[in-house]
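Participant: Give me a 3D structure for the following:
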Amino acid sequence: MWGGHSCPPPLTLDFVLILRITLKSGQECPLHTRRNRDDAYNWSIQVAASVANISEIMAENKHIHLIGICGTAMASLAGMLQRRGFRVTGSDAAAYPPMSDFLTSLDIPVAQPFAMENLQPQPDLVVVGNAISRGNVELEHVLDQRIPFCSLPQILHDEFLCGKEVLVVAGTHGKTTTTSMLAWMFHTAGLQPSFLIGGIAENFGSSFQLGQGKHFILEGDEYDTAFFDKGPKFLHYFPDSVILTSVEFDHADIYKDLDAVETAFKRLVNLVPRRGRIIAFDTGESLNRCLARGFCPVERYGSSANATWQITDLHLEPGRTAWSMLRDGKPWAEFEYAVAGEYNVWNATAAAAMAAECGISREEISAALKTFKSVKRRLEVRAKANGVTIIDDFAHHPTAIAGTLTALRSNYPGARLWAILEPRSNTLRRNVLQNELAKSLALADEVVVANVFKSEAIPEAERLDLAAVAAQILKHGRRARIVPTVEGIVQLVAPELRSGDVVAILSNGGFGGIYEKLPERLKSLGASNPQSSGAENKVMLS
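Facilitator: Residues are numbered from 1 along each chain as shown. The predicted model follows:
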């Protein structure tokens, strides 16, 4: 019994230490912690002291502090806890939009940087984000003082998912957009879903909602859970049904190879009950191997004739995307919306299939798609200045970069396309997909790459070789320039931009404020040019 609900226990992964902690309710609650055998005993004492009163805390609506609050999921959790009546505070190394703006709109205080003072007065519970490691000054204080703590997936499962029908959207690519589409379909159909999305869904202006309906729609991340639980987050959610978009090698900091990634997804597939359902993309050997572990019905979506939900008659036009959808080979629906990119058609088809299986009509699905507005940081127009369109996209992987640049080609035909990349994700900072990265970037006309984010943290033998990337892009017939800093990029690029250009800024972080600095520099150049006037001098920031 946890927070008044009866829930399945957390999943055991590899070697785990299983502690049985008797809560004040008298109910035993299993806590699983992946540790080495040598320090298991000492660790068990410390963790037991730390978690023993969590149930009581959650029942009394006390003070909860989130370390690493500006992560997309952590910020969403903060809002959900606040909605439940808790006093919520948080801290992070640096806050940047859109999550910093989101937390400000909720009046949730964010302390910067990490410091012991952020834990005064002492919170009743601390949620430790998965980006937080030993050595973090706040985490060390939590451990020294035996302040109760837990992970995001643990508190999410125990306090919000219990009693709900849980629909998880998982996969290497497309999770955030697909989850947003699915949530919007349920919302417009009047089903009042709860949801948690790894980004700001523009239709809702939020990344979460606590609805009165029976469904909880959740983005399922394969990244690890916390410093004390290195298993994937999505294994804590015990889904009733799953959308599985893709399985590729990613998160090179925690997964050794593709086989390790597949193992994580196989475990997710193996969790879905026989009464549940998996909606999976119709292409990919890795995906096929993962699906073999399932015990529930599996329906495939995509363009192949064997797909249960088949995409046909696809039309990609500026400002409009339309396609037909077959179900079991028979015409089922005609869809259209304003979102660009073939990969987004895959996402929409997956969401439509799951929605249909949950009883939502094709007419309701079509109406939802026509009004769908996408997600912040996914092909988001951040500014227009002097006729130049500046796009923000959450680039984290070569496949995603290729999809983004291809979508921009179709949405802005004839435009000169720039790609400005910050290698920031734990995969892009490494050389494991270096060749694929160069090939993806070469889809742009002009390429500018910043220094590898925190390159000193990556062993030199594993680090992305920027010179080699630039050389490979040149072999593809495109120019690539390495410019270490944001200031240098702005000074180099702004004078070269001309009306009609499209600039894709690719980063999964704040990128040194380039989203504001580049349009401001364009504005200043336009103002100093007597031949430029009127609308061309105006800067629009979203």
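Participant: Show me what the helix or strand containing residue 516 is packed against.
Facilitator: Following DSSP states H and E, one finds residue 516 within helix 514-528. Counting contacts by 3 or more C-beta pairs under 8 Å, 6 or more residues apart in numbering; DSSP states H and E, helix 514-528 packs against strand 380-385, strand 388-393, helix 486-493, strand 502-506, strand 539-541. For the C-beta atoms, the positions are set from N, CA and C on the backbone; glycine is no exception.
Participant: Name the surrounding residues that touch it.
Facilitator: When contacts are defined by C-beta atoms under 8 Å, 6 or more residues apart in numbering, helix 514-528 is touched by residues 97, 382-386, 388, 390, 392, 420, 486-487, 489-491, 493-495, 497, 503, 505, 507, 532, 536-537, 539, 541.
Participant: now do stretch 473-489
Facilitator: Residues from elsewhere that reach stretch 473-489 (C-beta under 8 Å, 6+ apart): 420, 438-439, 441-442, 444-451, 466-467, 469-470, 492, 511-514, 517-518.
Participant: now, which of the residues you listed lie within helices?
Facilitator: Under the assignment DSSP state H, those contribute 438-439, 441, 466-467, 469-470, 492, 514, 517-518 to helices.
Participant: For these, which entry has the maximal number of neighbours?
Facilitator: Highest neighbour count within the ones in helices among the contacts of stretch 473-489: residue 441, with 27 neighbours (other C-beta atoms under 10 Å).
Participant: Wait, that residue touches residue 470, no?
Facilitator: No - look at residue 441 against residue 470 with C-beta atoms under 8 Å: they stay out of range, at 9.3 Å.
Participant: Overlap in contacts, these two.
Facilitator: By C-beta under 8 Å, 6+ apart, residue 441 and residue 470 have these common neighbours: 447, 449, 480.
Participant: closest to residue 80 among those residues?
Facilitator: Set against residue 80, the nearest of the shared contacts of residue 441 and residue 470 by C-beta to C-beta is residue 449 (37.3 Å).
Participant: which residues touch that closest one?
Facilitator: Residues near residue 449 by C-beta under 8 Å, 6+ apart: 420-421, 423, 441, 466, 469-470, 480-483.
Participant: Residue 108 too?
Facilitator: 69, 78-79, 82, 88-90.
Participant: which residues in the stretch 251-400 of the chain form strands?
Facilitator: Assigned by DSSP state E, counting those that start in this stretch, the stretch 251-400 of the chain shows strands spanning 277-281, 298-302, 309-317, 320-327, 330-337, 380-385, 388-393.
Participant: how about these in JSON lines, adding mean neighbour count?
Facilitator: JSON lines is the format used below for the strands of the stretch 251-400 of the chain (neighbours: other C-beta atoms under 10 Å):
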{"stretch": "strand 277-281", "mean neighbour count": "26"}
{"stretch": "strand 298-302", "mean neighbour count": "21"}
{"stretch": "strand 309-317", "mean neighbour count": "16"}
{"stretch": "strand 320-327", "mean neighbour count": "18"}
{"stretch": "strand 330-337", "mean neighbour count": "15"}
{"stretch": "strand 380-385", "mean neighbour count": "20"}
{"stretch": "strand 388-393", "mean neighbour count": "24"}
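Participant: Ignoring the adjacent residues along the chain, who's closest to residue 463?
Facilitator: Nearest residue to residue 463 in three dimensions, chain neighbours excluded: residue 455, at 5.9 Å (C-beta to C-beta, 6 or more residues apart in numbering).
Participant: what do you get for residue 375?
Facilitator: Per C-beta to C-beta, 6+ apart, closest to residue 375 is residue 199, 4.5 Å.
Participant: residue contacts, that neighbour?
Facilitator: 72, 98, 176, 180, 207, 375-378, 394 are the contacts of residue 199 under C-beta under 8 Å, 6+ apart.
Participant: ok, now residue 226?
Facilitator: Residues counted as contacts of residue 226 (C-beta under 8 Å, 6+ apart) are 128-130, 132, 151-152.
Participant: what is it paired to in the beta sheet?
Facilitator: Bridge pairing for residue 226 (DSSP bridges) gives the partners residue 229.
Participant: Bridging across strands, which residues link to the residue nearest to residue 69 when sequence neighbours are not counted?
Facilitator: Once flanking residues are discounted, residue 69 sits nearest to residue 90: 2.7 Å by C-beta to C-beta, 6+ apart. Under the criterion DSSP bridges, residue 90 forms beta bridges with residue 66, residue 110.
Participant: can you offset everything so residue one is 3?
Facilitator: All right, first residue 3 from here; so that's residue 92.
Participant: count of residues packed around residue 92?
Facilitator: Here the count is done by other C-beta under 10 Å, and residue 92 has 26 residues near it.
Participant: swap in residue 205?
Facilitator: 18.
Participant: Now do the same for it: helix, strand or coil?
Facilitator: Following DSSP: H, G, I helix; E, B strand; the rest coil, residue 205 is assigned to coil.
Participant: Show the contacting residues for it.
Facilitator: The neighbours of residue 205, taking C-beta under 8 Å, 6+ apart as the test, are 182, 186, 189, 373-375.
Participant: roughly how far apart are it and residue 443?
Facilitator: 31 Å (C-beta to C-beta, to the nearest Å).
Participant: do the same with residue 473
Facilitator: Distance from residue 473 to residue 443, by C-beta to C-beta: 12 Å.
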